[in-house]
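Asker: my questions concern the predicted model and sequence given below.
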Amino acid sequence: MKHALVICAALISLHAAAIAQDKSTKRAERRAAMTELRSDLRTWFEREVYATVKSWHEQYDASLPAEDLRTLQGLRQEAKRLKESVANDLQNMRGTFERGNRSELRDKMSDLREKHRDAVKDVLERLKPIAKRSRTKLRQLFDDNEDKIESWRGQARDIVGDWRDEHEDLDFNGMFGRGGQQLPLMGGDGRKAAIRFILWDGTMPPAPQAGIFTPQRMPMSVSPAPSGNAATVDVANVPDGQHALQVFDMNGTLVRTVNVTAQSGKVNHRFDLSGLPAGTYMVSINTPAGRSTTNVVVTK
């Protein structure tokens with residue numbers, strides 16, 4: 001009897017280990033699938049959306065009185081620093097999240113909201129009079145381009161829907177779906193979309209992440225700013241090997257491709273910008289781990 005119990009206990013233990021291994025495999029597959037989706041949406045946003053939304057943003061800025069624009073530029077920098085501070089605090093909570101202690105996580109999230117609440121409120125209060133004075137221009141931009149925005153939402157829904165069909169064997173607990181897909185800068189209700197649009201600094205938004213506790217995958221910068229006939233790109237957290245560095249104009253047209261090499265997880269490469277007209281360009285590095293993008297301003 002004792003021998004039978006030992007065998008039974010061993011079988012139960014092996015079964016539990018197999019279930020745990022299966023769950024671990026599924027989690028890895030879900031993470032890989034989410035990385036694929038973020039990369040697909042990022043590529044689509046860069047090529048189809050960004051340049052147009054940036055042109056609307058430039059029209060909005062041009063409509064502002066000089067004093068309002070100066071104040072707004074300061075608020076944009078404050079908002080950007082605040083967002084980075086929140087992201088850093090969330091990263092520091094990663095251990096609590098991974099331990100699965102819901103009560104502790106809930107308390108820390110409440111403390112985090114309290115910590116940043118006054119700063120957020122202050123930025124929004126100072127933004128309010130500018131938004132009020134410029135609401136006619138904002139309404140015009142959104143109303144005149146309503147069909148375009150809805151078209152983008154449809155494209156985003158299709159990308160997510162196709163992705164779900166490809167990964168229907170993975171359980172994403174009802175995430176995404178074909179309806180309600182939001183757009184960077186333009187998602188959410190009207191008020192939130194307007195605030196997000198006004199406070200945007202015009203640069204490419206950070207790459208979409210799997211969750212609030214995931215760090216930016218490949219921080220990227222170009223110097224000097226602005227640049228002349230050449231610039232140096234620095235990228236971190238890059239898989240070692242050769243990758244394509246691409247330069248796009250603001251219409252999304254590819255104007256230059258350069259092969260770069262990552263060593264010890266880093267890229268440091270000086271690339272040629274001669275022959276390009278003065279203006280703003282998107283510089284993007286494409287790797288098996290995903291894509292990272294930033295802007296470069298070319299002056300002559």
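Answerer: Yep, it's here. Quick caveat: nothing in here was measured; it's all calculated off a predicted structure.
Asker: which residues sit against the strand or helix carrying Val233?
Answerer: For Val233, the host element (DSSP states H and E) is strand 230-236. By CB atoms under 8 Å, 6 or more residues apart in numbering, the residues outside strand 230-236 that reach it are 218-224, 245, 260, 262, 265-274, 283, 285, 292, 296. Heads up, the C-betas are built off the backbone N, CA and C, glycines and all.
Asker: swap the cut-off to 6 Å and go again
Answerer: 218-223, 266-270, 272-273, 285, 296 (CB atoms under 6 Å, 6 or more residues apart in numbering).
Asker: what's the answer for stretch 292-300, then?
Answerer: Under the contact criterion CB under 6 Å, 6+ apart, stretch 292-300 has outside partners 46, 203-204, 218, 220, 222, 226-227, 231, 273, 276, 278, 280-285.
Asker: buried ones in stretch 156-165?
Answerer: Ala156, Arg157, Ile159, Val160, Trp163, Arg164 (16 or more other CB atoms under 10 Å).
Asker: show me what contacts the fifth one?
Answerer: Residues near Trp163 by CB under 6 Å, 6+ apart: Leu37.
Asker: against Gly252, how distant is it?
Answerer: Using CB to CB, to the nearest Å, Trp163 is found at 22 Å from Gly252.
Asker: then the strand holding Val233 to CSV, C-alphas only?
Answerer: This file holds the C-alpha atoms of strand 230-236, laid out as CSV (Å, rounded to 0.1, in the frame of the first residue of the first chain):
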residue,chain,number,x,y,z
ALA,A,230,25.8,63.2,-41.5
ALA,A,231,24.5,62.0,-38.2
THR,A,232,25.3,59.3,-35.6
VAL,A,233,22.7,56.9,-34.4
ASP,A,234,22.9,55.1,-31.0
VAL,A,235,20.7,52.2,-30.2
ALA,A,236,20.7,50.0,-27.1
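Asker: for the stretch 51-200 of the chain, which segments count as helices?
Answerer: Assigned by DSSP state H, counting those that start in this stretch, the stretch 51-200 of the chain shows helices spanning 66-92, 94-99, 102-133, 135-144, 146-166, 190-199.
Asker: right, so of those helices, which gets closest to Leu41?
Answerer: In terms of CB to CB, the element of the helices of the stretch 51-200 of the chain nearest to Leu41 is helix 146-166, at 6.0 Å.
Asker: quick check, distance from that closest one to the centre of its chain.
Answerer: Offset of helix 146-166 from its chain centre (CA atoms, centre = their mean, to the nearest Å): 17 Å.
Asker: so what's the model's average confidence on it?
Answerer: Averaging pLDDT along helix 146-166 yields 86.
Asker: repeat that for stretch 242-262.
Answerer: Mean pLDDT, stretch 242-262: 87.
Asker: now stretch 39-46
Answerer: Regarding stretch 39-46, the rounded mean pLDDT is 81.
Asker: next one: Gly95, what pLDDT does it get?
Answerer: Gly95 is given a pLDDT of 56.
Asker: could the buried residues of stretch 156-165 go into a markdown table alongside distance to Glu125?
Answerer: Converted to a markdown table, the buried residues of stretch 156-165 look like this (distance: CB to CB, whole Å):
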| residue | distance to Glu125 |
| --- | --- |
| Ala156 | 32 |
| Arg157 | 35 |
| Ile159 | 37 |
| Val160 | 36 |
| Trp163 | 40 |
| Arg164 | 41 |
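Asker: start to end distance for stretch 90-110?
Answerer: Taking CA to CA, to the nearest Å, stretch 90-110 runs 12 Å from one end to the other.
Asker: pull the number of nearby residues for Tyr60.
Answerer: For Tyr60, the count of nearby residues is 19 (other CB atoms under 10 Å).
Asker: I meant to write Thr52 there.
Answerer: 16.
Asker: and the gap between it and Gln59?
Answerer: For Thr52, the distance to Gln59 - CB to CB - is 11 Å.
Asker: and Lys54, how far is that from Leu72?
Answerer: Taking CB to CB, one finds Lys54 at 16 Å from Leu72.
Asker: domain map for the protein?
Answerer: Listed by automatic domain parsing, the domain ranges of the chain are 24-199, 220-298.
Asker: comparing the ones you listed, which comes out most buried?
Answerer: domain 220-298 (a mean of 16; mean count of other CB atoms under 10 Å).
Asker: in helices, which of the contacts of stretch 292-300 appear?
Answerer: Using DSSP state H, no member of these falls within helices.
Asker: just the residues contacting the host helix or strand of Asn259, thanks.
Answerer: In the assignment (DSSP H and E), Asn259 maps to strand 254-262. The contact list for strand 254-262 (CB under 6 Å, 6+ apart) reads 238, 240, 242-249, 267, 269, 271.
Asker: swap the cut-off to 10 Å and go again
Answerer: Under the contact criterion CB atoms under 10 Å, 6 or more residues apart in numbering, strand 254-262 has outside partners 47, 218, 233, 235-249, 267-273, 275-277, 281-287.
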